[in-house]
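# Sequence unavailable; structure follows:
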């Protein structure tokens, strides 16, 4: 501890993120399929993969692939500093990232069951065709939920906004 609680917290979060990144990169390099996959529904997409959900022991993570947005959409949805920090080219080639779904999923009830839809956070997934906001709790249930909820294999994102250049 350095006495800078915010700096210490940021360092701890960065270390946790590096561990998640390494775990997902390892299982992807081994060819392990995701527990659930979300796909683009745009007719010209060739089924872009928007997010892959992996169960890592008691943890649930989403791997969001790199993507490129149309220039006009990119400029309206991001800042120059954000593009500089989070893209490969400082413009519109956004880096792949791993997201800890458990930290975003919201409250759990007394039986330690996930209560989807109660979290305030939505995870935005994108490709050059669509942008969609997903509920992290529902993403976990899609991958590991009870049989009456769980969808098998891969599913398209049902509600999304189509992106157009211009």
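Structure's in. What do you need? Because the structure is a prediction, the values reported are computed rather than measured.
# Which strands border the strand ranked longest in the chain, and is each parallel or antiparallel?
Counting by DSSP state E, the longest strand found in the chain is strand 49-56. Strand 49-56 has the following strand partners under DSSP bridges: strand 36-39 (antiparallel), strand 59-64 (antiparallel).
# now the ones you listed in TSV, with mean pLDDT and mean neighbour count?
Just so you know, the C-beta spots here come from the backbone N, C-alpha and C atoms, and that holds for glycine as well. Output for the strands paired with strand 49-56, formatted as TSV (pLDDT from 0 to 100; neighbours: other CB atoms under 10 Å):
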stretch	mean pLDDT	mean neighbour count
strand 36-39	84	22
strand 59-64	89	22
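# Of those, which is nearest residue 71?
Among these, the nearest to residue 71 by CB to CB is strand 59-64 (20.5 Å).
# which regions of the protein sit below the pLDDT cut-off?
Along the chain, segments meeting pLDDT under 70 span 1-2, 43-46, 106-120, 145-166.
# so where do the helices sit in it?
5-29, 71-77, 80-86, 101-104, 136-144 (DSSP state H).
# any idea how far the second one is from the chain center?
Yep, that's helix 71-77 we're talking about. 20 Å (CA atoms, centre = their mean, to the nearest Å).
# same check, this time on the third one
Using CA atoms, centre = their mean, the mean C-alpha position of helix 80-86 is found 18 Å from that of the whole chain.
# same deal with the shortest one?
In terms of CA atoms, centre = their mean, the centre of helix 101-104 is found 10 Å from the chain centre.
# mind starting the numbering at 9 from now?
Got it, first residue is 9 now, which makes that one helix 109-112.
# if you compare the helices of the chain, which one is most tucked away?
Ranked by mean neighbour count under mean count of other CB atoms under 10 Å, those are led by helix 144-152, which reaches a mean of 21.
# just to revisit the earlier point, how about the helices of the chain, which one is nearest residue 46?
The nearest among these, by CB to CB, is helix 144-152 at 7.8 Å.
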